[in-house]
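[1] quick one, structure for this:
(chains A, B, C, D, E and F)
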6 protein chains.
Amino acid sequence: MTSLIEYEQSTGLVREVYDDIRTTRQTDEINNFWKAIANHPPTLQRTWAMLKEVMGGPGELDPLVRELIYIAVSATNGCDYCIASHKAAAVKKGMTDTMFGELMSIVGAANMTNRLANGFQVPVDEKFKRPV
Amino acid sequence: MTSLIEYEQSTGLVREVYDDIRTTRQTDEINNFWKAIANHPPTLQRTWAMLKEVMGGPGELDPLVRELIYIAVSATNGCDYCIASHKAAAVKKGMTDTMFGELMSIVGAANMTNRLANGFQVPVDEKFKRPV
Amino acid sequence: MTSLIEYEQSTGLVREVYDDIRTTRQTDEINNFWKAIANHPPTLQRTWAMLKEVMGGPGELDPLVRELIYIAVSATNGCDYCIASHKAAAVKKGMTDTMFGELMSIVGAANMTNRLANGFQVPVDEKFKRPV
Amino acid sequence: MTSLIEYEQSTGLVREVYDDIRTTRQTDEINNFWKAIANHPPTLQRTWAMLKEVMGGPGELDPLVRELIYIAVSATNGCDYCIASHKAAAVKKGMTDTMFGELMSIVGAANMTNRLANGFQVPVDEKFKRPV
Amino acid sequence: MTSLIEYEQSTGLVREVYDDIRTTRQTDEINNFWKAIANHPPTLQRTWAMLKEVMGGPGELDPLVRELIYIAVSATNGCDYCIASHKAAAVKKGMTDTMFGELMSIVGAANMTNRLANGFQVPVDEKFKRPV
Amino acid sequence: MTSLIEYEQSTGLVREVYDDIRTTRQTDEINNFWKAIANHPPTLQRTWAMLKEVMGGPGELDPLVRELIYIAVSATNGCDYCIASHKAAAVKKGMTDTMFGELMSIVGAANMTNRLANGFQVPVDEKFKRPV
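    From the prediction side, this is the model:
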C-alpha cells in the first residue's frame, strides 16, 4: 500500500499542485489518486498539468464527452480506481444512467469486435489505407 | 489469412445480413470485417445485429460520440483494423482533425493514469464507493 | 527486426533445441518464432521446454482444446504471429471452420462481458467467494 | 458502485430476461452481473441473448470447453468477477482441479509467448500467410 | 477462491519446491502465490524453476533492474498481487521511493505513447526496420 | 493512415518542438512518431515535454534502464512501433543482445505469472498490505 500525503503534510511543489487542484476543482477535497502519486512530486506535477489541460482545457470536445472517453479506456483496461472516480466526475457533468448504459454497450461491442478482427485476421480494406 | 466471402458468393443468412448492411449503410460496399466473419454465419448475424443497434440505433449519445468511444477502445486495445475503419466512419460523421487529436490526448492520458493508479495501488476514496 | 538463426547456423544449446523441435514435431521446418528467440539461447531452451510440456505433454485436456485455449489468449492479446501459427496448428489437430467460428464468438463475448463487469463495477456474489 | 436490481423490483423487459435466465439455468438465483447491467435494459437483453446462444446453444464445442475458453480470456484480461463466476460454472460442468491447472498453464504460457513474439518482432512465416 | 496449500500439508513435488523456495530465499515464509498454484504441482514446479532462473540466476541485468522490469509489466497488466509482492521484493533489493516514482513515470509515459502510436497509425521508420 | 508533417512543412509550435527534438537528440532526423502526432500540436508539445523529462531528465535510474522499462511496457502492450523505435534507442545506450534476451525473458515470465495470479485468484499476503 502506498502512503497518502494529506494536504496538511504537503510542502513545496506538492502543496502548490494541491492548491491548484483545490482552486481548479473548487473543492477542498483532494482525491486519493493525487495523494498517492504525490510520493513522487514530479509525477504529481506533470500528471496534474496534463489532466487539467486534457480534461478541462479549451477544445472541441465537451467536458462530458471527455469523461465518457476516459471511462471507456478505464473499463477496457480494468482500472477500478479510474472507473469509480471518473464515473462520479461524469455524473457531475450530466451523465445519465442511460448514457452510461449506452457507453458500456459501445465499450463492450468494441472490445468484442476488436478481438474478432484480430482472430479472423481481417486485412485492412484498401479504402481505409488512404490518408484521412 | 481468413478467406473473404464476397457478396456475389454469399447465400442464405450471409446474403440476408449483407443486404441489410447495404441498405442500412446505403452503399454497395461491404467491409472486409463482415466478409471475414461471414465464415461463421451466426457470428456475422449476431455481431451485425449488435453493432447496428449499438452504433446506429436510437439513444442519448449522438453518432459521432459513439464513434469516438469506439476508437478510444480500439486504440487502447491496439486493433489496427478497428482504428482504421472507425476513423473513416468518424470522419464521415463530422470528426475534425482537432477532435481526433483531443480524443487521442484523452486516450493517452487515461492509459497513463490507469497504470499510475495500479502501480501506486491507490485505494478508492470512500465517496466513490457510494452508489451513483 | 530480429535476425533469424537458421538450423544450419545453429550450434550448441540452440542446435540441441532445434533437433528436439524437429524430432518432436516430426518435420524439418522450424518456425520463425524459435529462430528469433534463439538469439537468447536460455530463453529458447526454457520456452521450448515449457511449450513442449504444456501443449504436448500428458494431461486431461486434449491437444485440440489446448490449441483453442492458446488462440483465445492470443486473439485477446492481439498477437498476430501467435494467432497465425496456432490457427495452423489447430487445423492440423482437427479444428473445423465451425469450431473456429464458435471459438471466436466465445472470445468476443468474453471480452465484451469482461469490460461490462469492470465498467458496471459488479460486486462478486457471496457464493462465488467460497473455495472451489 | 452500481445498484443491483433484484428480481422482486424488476418489471418489463428486465423481468422478462430474468424469467428467461431462471428458466434456462433452472435456478431462482440471478447473478450480480445481470442485476447490475439491468440498469440498462437493452444491454441486459442483448448480452443475455448473446451469452445464452454462445455458451449454451447448439455447436461443435462442448459446454465445458466453452467455459475453459471463457476463463482463458477472463484471466488474460484480469476480470475478477468473470473468473470467479465462470470457474464456478466450469466446475458444475465437470472441470477438475487438474483441468483447471492445465488451463492456467496454457494461459500462462500463451501470455508469455505472445509477448516474446511481440518483443522479438518475429516475422510471420510464409506458410502461415496462406488461407486456412 | 483458491485454497492455499500450506507447507505443513505439502508432500512430494510440492514439498520439494517449497523447500527449494525456502532455501533460495533464505526465509521460512512462502508467499500465497506459490501456495495457490501448488494446487497444480507441475505448474508450481515449472513456474518456480523459471522465476528462480529469470529473476535470480546469473545475467547482465542486476537483480533490482529485473524487479523494476517485472513491476513495469505488472502495472501495465493491472495485476494487484504481482505489484504488491514485487514492490516489496524491489524495496528489499534497494528500490528507493524516487526510483519507484521514476519507474511509474516511465510506465505511465510508455502506456500513453503506445496508444498514441496505435491511434495515429504511425508507420515504422525505414531505419527501424533494419536488423539490430 | 495519418499524414506525416515534415520538418520543412512545420511552422509555429510544431517547428519549435521539432527544433528542440533536433537539439536534444543531436540529429536532424525526426521520427515518424513526432511527425504523426504533430497533426495535433498540443499533443506533440505535451508528449515531447513529458518524454524528454521522463526518459532523458535527471534521475536515479540510468538512461539504459529507462529504455528497458519502456520496451517492457511496449512488448506487453504489443506496440510494434514503440518496440522498434525504443529497441534502437536502447542499443544506442548500450543494450547488448544478452540484455535484450534477459529483458524479454523477464517480460515473458511476468506476463505469465500475472495471469496465473489472476486465474488462481491469489489473495494478497498480509505482509504485502503494509505500507512500503
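[2] going forward, measure contacts between C-alpha atoms and count neighbours the same way
    Fine.
[3] test my guess that A:Ile106 contacts B:Ile71.
    No: using Cα atoms under 8 Å, A:Ile106 is not in contact with B:Ile71, being 10.3 Å away.
[4] who has more neighbours, the two?
    Set A:Ile106 next to B:Ile71 and count neighbours by other Cα atoms under 10 Å in any protein chain shown: B:Ile71 wins out with 32 against 26.
[5] I'd say the more buried one and B:Asp80 touch.
    No: in this structure, B:Ile71 is not within contact of B:Asp80 by Cα under 8 Å, at 10.3 Å.
[6] burial count for A:Asp15?
    Let me fix one detail, which is that residue A:15 is Arg and not Asp. A:Arg15: 17 neighbours (other Cα under 10 Å).
[7] residue ranges of each domain in chain A, please.
    In the domain annotation for chain A, the residue ranges read A:1-58, A:60-121 (automatic domain parsing).
[8] out of the ones you listed, which one sits most buried?
    Of the domains of chain A, the one with the most neighbours on average (mean count of other Cα atoms under 10 Å in any protein chain shown) is domain A:60-121, at a mean of 23.
[9] residues in contact with stretch A:117-132?
    B:1-2, B:31-33, B:36-37, B:79, B:81-82, B:84-85, B:87-88, B:91, C:71, C:75-76, C:78-80, C:83, C:104, F:1-3 (Cα atoms under 8 Å, 6 or more residues apart in numbering or on different chains).
[10] ok, which of the residues you listed also contact chain A?
    B:1-2, B:31-33, B:36-37, B:79, B:81-82, B:84-85, B:87-88, B:91, C:71, C:75-76, C:78-80, C:83, C:104, F:1-3 (Cα under 8 Å from any Cα of the partner chain).
[11] OK, now which residue of chain A is nearest to chain D?
    A:Gly101 (5.0 Å; Cα to the nearest Cα).
[12] once you drop chain neighbours, what's closest to that residue?
    In space, A:Gly101 comes closest to D:His40 once its chain neighbours are excluded; the distance is 5.0 Å by Cα to Cα, 6 or more residues apart in numbering or on different chains.
[13] go ahead and confirm the one you found touches A:Met104.
    No: taking contacts as Cα under 8 Å, D:His40 lies outside contact range of A:Met104: 9.2 Å.
[14] need the residues that contact the strand or helix carrying A:Tyr81.
    Element membership for A:Tyr81, per DSSP states H and E: helix A:80-92. By Cα under 8 Å, 6+ apart, the list of residues contacting helix A:80-92 from outside reads A:64, A:67-68, A:70-71, A:74-75, B:113-114, B:117, B:122-124, B:128-129, B:132, C:118-119, C:121, D:1.
[15] any idea which helix or strand comes after that helix?
    helix A:97-119.
[16] gap between the nearest residue to A:Gly56 once chain neighbours are set aside and chain F?
    Nearest-residue entry for A:Gly56: A:Pro63, 6.8 Å, with adjacent residues in sequence omitted and distances by Cα to Cα, 6+ apart. For A:Pro63, the distance to chain F equals 17 Å [Cα to the nearest Cα, to the nearest Å].
[17] show me which residues of chain A are close to chain E?
    A:1, A:37, A:39-40, A:43, A:77-79.
[18] tell me how far the residue lying farthest from the centre of chain A lies from E:Ser105.
    Here the centre of chain A is the reference, and by Cα atoms, centre = their mean the most remote residue is A:Glu126, at 33.9 Å. Here the criterion is Cα to Cα, to the nearest Å. By it, A:Glu126 lies 38 Å from E:Ser105.
[19] in this structure A:Gly59 contacts B:Glu102, no?
    Yes: using Cα under 8 Å, A:Gly59 is in contact with B:Glu102, at 7.4 Å.
[20] for A:Leu4, what are its contacts?
    Contacts of A:Leu4 by Cα under 8 Å, 6+ apart are A:32, A:35-36, A:38-39.
[21] hmm, try it at 10 Å
    Counting by Cα atoms under 10 Å, 6 or more residues apart in numbering or on different chains, A:Leu4 touches A:31-39, B:120, B:122-123, F:131.
[22] that one in helix, strand or coil?
    State at A:Leu4, reduced to three classes by DSSP: H, G, I helix; E, B strand; the rest coil: coil.
[23] alongside chain D, which residues does chain A contribute?
    A:76-78, A:83-84, A:87-88, A:97-102, A:104-106, A:108-109 (Cα under 10 Å from any Cα of the partner chain).
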